[in-house]
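*Asks:* Fold the following.
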Amino acid sequence: LVSTYRDTGIAPESVCLELTERAFSRDPAPAHIALRRARDIGVSLAMDDFGVEHASMTNLMHVPVDWLKIDRSFIAEVHHNDRV
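*Replies:* Numbering: from 1, shown residues only. You can find the predicted model right below:
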């Protein structure tokens, strides 16, 4: 990533890398290392489709993301389910 930004002149701060929660669940240690390195150079990170898989709020605290994009199907239940 660093060489790409250097070669193109794009500011890392202008980039947001979006990943689904599945990317964090398979083998989280290497993913966390790579994502922390991306954040260290200024890239912001977003978790897309949150709520589609089996993510928990506890696991979410350990994921280095700046933005959380909640899946539409998760939000749809708010209007149709009194327990939500």
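
*Asks:* Check which residues of stretch 12-32 are buried.
*Replies:* Residues 12, 15, 17, 19-21, 23-24, 31 are the ones in stretch 12-32 that count as buried (16 or more other CB atoms under 10 Å). (C-beta placed from N, C-alpha, C; glycine too.)

*Asks:* can you check stretch 38-52 too?
*Replies:* Within stretch 38-52, judged by 16+ other CB under 10 Å, the buried ones are 38-39, 43-45, 47-51.

*Asks:* so what pLDDT did the closest residue to Thr20 other than its chain neighbours get?
*Replies:* Sequence neighbours aside, Asp49 is the residue nearest to Thr20 in space, at 4.8 Å (criterion: CB to CB, 6 or more residues apart in numbering). Per-residue pLDDT puts Asp49 at 81.

*Asks:* How about Ala55?
*Replies:* Confidence score, pLDDT, at Ala55: 61.

*Asks:* The helix ranked longest in the chain: how far from the chain's middle?
*Replies:* Ranked by residue count under DSSP state H, the longest helix found in the chain is helix 28-40. Chain-centre distance of helix 28-40: 11 Å, with CA atoms, centre = their mean, to the nearest Å.

*Asks:* counting contacts, what elements does that helix pack onto?
*Replies:* strand 16-20, helix 22-25, strand 44-50 (3 or more CB pairs under 8 Å, 6 or more residues apart in numbering; DSSP states H and E).

*Asks:* same question for the second one, mean pLDDT?
*Replies:* Averaging pLDDT along helix 22-25 gives 73.
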